[in-house]
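> I would like to see how this sequence folds:
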Amino acid sequence: MPLATTLGALGVVYGDIGTSPLYALKEAAKAGARGGVLAPDTIMGVVSLILWALVLIISIKYAVLILRADNRGEGGIVALLALLHARNAQPGTWRAHLLVVGLVGAALLYGDGAITPAISVLSAIEGLKVDAPALAPAVVPITIVILIGLFIMQKKGTGFIGRIFGPVMLGWFVVLAALGIHGIAKAPGILAALSPLYAFNFLIHGDIHTSFAILGAAFLAVTGGEAMYADMGHFGRLPIRLAWFVVCLPALVLNYFGQGALLITDPSAIENPFFQLSPDWLHYPLVAFAAVATVIASQAIISGVFSLTQQSIQLGFLPRMHIRHTTSDAIGQIYVPLVNWLLAAGTLGAVLAFGTSDALAGAYGIAVSLLMAITTLLAALVAIQWGYSPVLVIAVNGFFFVIDAIFFAANSVKLFEGGWFPLLLAGFVAFLMLTWRSGVKLVERARAKLRQPEEDLIETAVNRCHSRLPGTAVFLASAPNGVPLALTQFVKHNHVLHERVLLATVQIEESPRIADEERAKVHEISPGITRVILHYGFMQYPTVYEGLKLACQQGKLQGIELGEVTYYVGRESIIPRENIPGMWVWREGVFAFLQRNAERTAAFFDVPTGQVVEFGTEIEI
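Numbering: from 1, shown residues only. Now for the predicted structure:
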């Protein structure tokens, strides 16, 4: 039902941007205070700036335009890269450079994923200081306890919590709107800030350093907007747009205007205008509610990072990792242990290192603004690829790209105030992605030199292997042609073949999902030797057993009892060599480390454990 899906979108998509009122206007107002004095024109300018940032970036760019650039209903930076066919681009081409830009964009989400839970939960717990300043030393420990509990909870799955995300966040947006109306009633003159002239005049007449500081802080109001596009495949365009225009945007605007009205009547409330907007008796319940809302916002970004990791693994941008499906009936319910605890380390490290939401605000925004600029660029290329007028695309996307660039420049001022932190995390992830991608290509080049052609296998089967072992053997192959190295090793050492040999290859396509009827392509190489290519989308989990079972059920493979099949898998040891063209040896060493610690092939592709035989091969790169 559209209403149920819209309610779900409220919880998953808008948790991050929905909790921005906890800190966004406060930081922007502080940045605009002149000599510690908060003038009414500053407040009007800041509120107007936040409003039009929400309108231009979120409402028009994302909700109206970017949501059109879907890959069969899926969104996100990885979906854009798949649409642009950048994955298999030849080195040195513009698509190859585009792949690097796209992978940097994907890596930025990891930096955002570490900062969002930290600043969100911290800003909620800081509400305790409004009525009880003596509790200030307890803010960080309480935040740490909540975040540790959140990350521990991931392994148990979040199905139950996921079902209450929507209703809780709907209640949160209702509270935002009510608080905003309460504040506006005290100073209705704030509504004049609806005019964009206030934002424009405030910026151009102010000192450039102050204007940039305000822009960087005001951008905090739109962080989380990228989730609209990333989560499009979960909910669809219409529910995401309905949730934004009917619930989120009105509630956010009312709250920001309410906070602005409060600051006009009481500039001393700048230390925490969100909580001081509420009546005194509501402060502690509001702190508790804000903590719940920020946990939901954090859960949404963590789940998004898990989903991005899965997509990146499928498309060959990251090494295989253990991925656990925590439930079969909820969207995106996967758990990636390694990513979870690395993200936990980054988040907890941010809380301990920065200590307050004010300090973390300096670290927040720079990664998201760069990601938004990259998304605008890639979406423009997709639009041109789809046949839209290049002049129109450049005019429209160019306008939004300039806005993104201005916000990125404004956030860049915060580089030494903490902006380095998410960029450092993103740079590390991007380095791993690019190293893994390049290393995989080098290994495949080395495999190609070692791999026998199919003709040799046929000749071996006919002339050398006069006796055949009973039963069926499945050899996992990395390429859809040639002889798998594991099979070459098997024949070399045993001088026999099984009666039935299947060469199984898993291919991840640049579409999100592949229908069951298109899953298996079967080709007979020679009597008793069959090649099976299993096609999966990058949003699907590839399982060899289920793919072969489906092929048997569809009649494409006959006379095979999967419970009695033996699976032969190659396990490769990577040896870096200086005399072989490729990456620098130290990067090849990093790749070898990643490959050595990646999830085993049989486990990743869900091959039945008791039916696996591994053959080791050394590969020099």
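
> the helices in the stretch 451-600 of the chain, which residues?
454-459, 485-494, 544-553, 585-597 (DSSP state H, counting those that start in this stretch).

> Outline the domain layout of the chain.
2-418, 452-620 (automatic domain parsing).

> With distance to residue 441, mean neighbour count and mean pLDDT as added columns, please give these in CSV.
Backbone N, C-alpha and C define where each C-beta goes, glycine included. Listed next are the domains of the chain as CSV, based on distance: least, Cβ to Cβ, whole Å; neighbours: other Cβ atoms under 10 Å; pLDDT from 0 to 100:
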stretch, distance to residue 441, mean neighbour count, mean pLDDT
domain 2-418, 8, 20, 89
domain 452-620, 9, 16, 89
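
> mind putting those in JSON lines, distance to residue 439 included?
What follows is the domains of the chain, written out as JSON lines (distance: least, Cβ to Cβ, whole Å):
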{"stretch": "domain 2-418", "distance to residue 439": "9"}
{"stretch": "domain 452-620", "distance to residue 439": "3"}
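
> Of these, which is nearest residue 424?
Closest of the domains of the chain to residue 424 is domain 2-418, at 7.8 Å (criterion: Cβ to Cβ).

> how about the strands in the stretch 151-300 of the chain?
Using DSSP state E, counting those that start in this stretch, no strands are found in the stretch 151-300 of the chain.

> Which residue ranges of it form helices?
Going by DSSP H, counting those that start in this stretch, the stretch 151-300 of the chain shows helices at 159-184, 196-205, 208-218, 227-230, 232-235, 237-242, 249-265, 273-276, 283-314.

> How about exporting the third one as PDB, limited to the C-alpha atoms?
Below are the C-alpha coordinates for helix 208-218, written out as PDB (Å, rounded to 0.1, in the frame of the first residue of the first chain):
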ATOM      1  CA  ILE A 208      33.200  36.500   2.900                       C
ATOM      2  CA  HIS A 209      34.700  34.400   5.700                       C
ATOM      3  CA  THR A 210      31.600  34.700   7.800                       C
ATOM      4  CA  SER A 211      29.400  33.900   4.700                       C
ATOM      5  CA  PHE A 212      31.400  30.800   4.000                       C
ATOM      6  CA  ALA A 213      31.200  29.700   7.700                       C
ATOM      7  CA  ILE A 214      27.400  30.200   7.600                       C
ATOM      8  CA  LEU A 215      27.000  28.300   4.400                       C
ATOM      9  CA  GLY A 216      29.000  25.400   5.800                       C
ATOM     10  CA  ALA A 217      26.900  25.300   8.900                       C
ATOM     11  CA  ALA A 218      23.600  25.800   7.000                       C
END
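
> Give me the angle between it and helix 249-265.
For helix 208-218 against helix 249-265, the angle by axes from the mean of the first three to the mean of the last three Cα atoms, to 10 degrees is 130 degrees.

> Packing partners of helix 208-218?
Packing partners of helix 208-218 (3 or more Cβ pairs under 8 Å, 6 or more residues apart in numbering; DSSP states H and E): helix 24-32, helix 40-53, helix 196-205, helix 390-412.

> Could you list the residues in contact with that helix?
The contact list for helix 208-218 (Cβ atoms under 8 Å, 6 or more residues apart in numbering) reads 24, 27-28, 30-32, 34, 45-46, 49-50, 53, 202-204, 206, 361, 365, 406-407, 409-411, 413-414.

> so which of the helices of the stretch 151-300 of the chain gets nearest residue 527?
helix 283-314 (34.3 Å).

> Quick check: what element follows that closest one along the chain?
strand 324-325 (DSSP states H and E).

> gap between residue 127 and residue 165?
Computed as Cβ to Cβ, to the nearest Å, the residue 127 to residue 165 distance reads 21 Å.

> Report the distance from stretch 34-48 to the chain centre.
36 Å (Cα atoms, centre = their mean, to the nearest Å).

> Likewise for stretch 469-488?
On the basis of Cα atoms, centre = their mean, stretch 469-488 sits 35 Å off its chain's mean C-alpha point.

> first vs last residue of that stretch, how far apart are they?
By Cα to Cα, to the nearest Å, the extent of stretch 469-488 from end to end equals 16 Å.

> coming back round to it: want to throw the helices of the stretch 451-600 of the chain into JSON lines with distance to residue 246?
Shown next, in JSON lines, are the helices of the stretch 451-600 of the chain (distance: least, Cβ to Cβ, whole Å):
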{"stretch": "helix 454-459", "distance to residue 246": "59"}
{"stretch": "helix 485-494", "distance to residue 246": "56"}
{"stretch": "helix 544-553", "distance to residue 246": "40"}
{"stretch": "helix 585-597", "distance to residue 246": "46"}
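
> Can you check which of these gets nearest to residue 395?
helix 585-597 (41.1 Å).

> How about residues contacting that closest one?
319, 432, 435-436, 438-439, 442-443, 572-578, 582-583, 621.

> switch the cut-off to 10 Å
The contact list for helix 585-597 (Cβ atoms under 10 Å, 6 or more residues apart in numbering) reads 318-321, 338, 431-432, 434-440, 442-443, 571-580, 582-584, 619-621.

> Could you export that helix as PDB, CA atoms only?
In PDB, the C-alpha atoms belonging to helix 585-597 read as follows (Å, rounded to 0.1, in the frame of the first residue of the first chain):
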ATOM      1  CA  VAL A 585      54.800  -3.800  -5.200                       C
ATOM      2  CA  TRP A 586      53.600  -2.400  -1.900                       C
ATOM      3  CA  ARG A 587      50.100  -2.000  -3.300                       C
ATOM      4  CA  GLU A 588      50.200  -5.500  -4.700                       C
ATOM      5  CA  GLY A 589      51.200  -6.500  -1.200                       C
ATOM      6  CA  VAL A 590      48.100  -4.800   0.200                       C
ATOM      7  CA  PHE A 591      45.900  -6.500  -2.400                       C
ATOM      8  CA  ALA A 592      47.500  -9.900  -1.500                       C
ATOM      9  CA  PHE A 593      46.600  -9.200   2.100                       C
ATOM     10  CA  LEU A 594      43.000  -8.400   1.200                       C
ATOM     11  CA  GLN A 595      42.700 -11.400  -1.000                       C
ATOM     12  CA  ARG A 596      44.200 -13.700   1.700                       C
ATOM     13  CA  ASN A 597      41.700 -12.500   4.300                       C
END
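
> Tell me the helices and strands packed up against the very next helix or strand once past that helix.
Proceeding N to C from helix 585-597, the next assigned helix or strand is helix 601-604, under DSSP H and E. Contacts defined by 3 or more Cβ pairs under 10 Å, 6 or more residues apart in numbering; DSSP states H and E place helix 601-604 against helix 544-553, strand 566-575, strand 612-620.

> C-alpha coordinates for helix 601-604, CSV please?
The C-alpha coordinates for helix 601-604 follow below in CSV (Å, rounded to 0.1, in the frame of the first residue of the first chain):
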residue,chain,number,x,y,z
THR,A,601,34.9,-18.5,-2.4
ALA,A,602,32.9,-21.6,-1.4
ALA,A,603,31.5,-19.8,1.7
PHE,A,604,30.6,-16.6,-0.1
